[in-house]
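K.L.:
I'll drop the sequence and a predicted model, then ask my questions.
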Amino acid sequence: MLVNTSRFGKVEIDDSRIIHFPKGILGFPSQARYVLLQPNADSSFYWLQCLDDPELAFIVTDPSNFVPTYRVPVRVEQVQEMGIDSLEQVQVFVIVNRHGNTLTGNLQGPLIVDVKRRQGEQLVLSDRRYHPRVPLVEISPSVEAVPA
């Protein structure tokens, strides 16, 4: 399948890589089909690109790379509703935003992806330990070259 993206142009992806979010993502309930694009092989960040809107893409990451103690409390009824057989087949991502020189992760609204069925859902956690702007990494400010 050929996918149009605003960031990478046209990208060829295999249909088996499509992730369905039946409920959409917060703020985008009608956008249900996405694909994960990895900018390079050693990147910790991915683009979650919407297949139906080339302008809609989120930077996401595995939060365990930055917050090793992070655990998503998934209720039994959520697991059943999503049709998940085993939590071992689930991958957790968080949406990343930039605030000044800091990349933050939304630990309050994790994305749960059943890698076996290629189905996902964004949860909204009521646990007050988790916030929508948890610092993940500092970005070095741009260095300006000046004549010697």
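P.N.:
Arrived safely, thanks for sending. Model, not experiment: these values are computed from the prediction.
K.L.:
How many residues are close by Asn97?
P.N.:
Other residues near Asn97 number 15, with proximity taken as other Cβ atoms under 10 Å. Placement of C-beta: from N, CA and C, glycine included.
K.L.:
does it have beta-bridge partners, and which?
P.N.:
On the basis of DSSP bridges, Asn97 is bridged to Thr104.
K.L.:
which residues sit in contact with it?
P.N.:
Contact partners of Asn97, counting by Cβ atoms under 8 Å, 6 or more residues apart in numbering, are 59, 103-104, 106, 133.
K.L.:
10 Å instead, please
P.N.:
Counting by Cβ atoms under 10 Å, 6 or more residues apart in numbering, Asn97 touches 58-59, 103-106, 132-133, 136.
K.L.:
Same question for Asp114.
P.N.:
The contact partners of Asp114, by Cβ under 10 Å, 6+ apart, come to 19-20, 79, 82-87, 89-91, 120-121.
K.L.:
quick one, strands of this protein?
P.N.:
Shown for the chain, the strands assigned by DSSP state E span residues 2-5, 9-12, 19-20, 33-37, 45-50, 57-61, 90-99, 102-105, 111-114, 119-122, 134-138.
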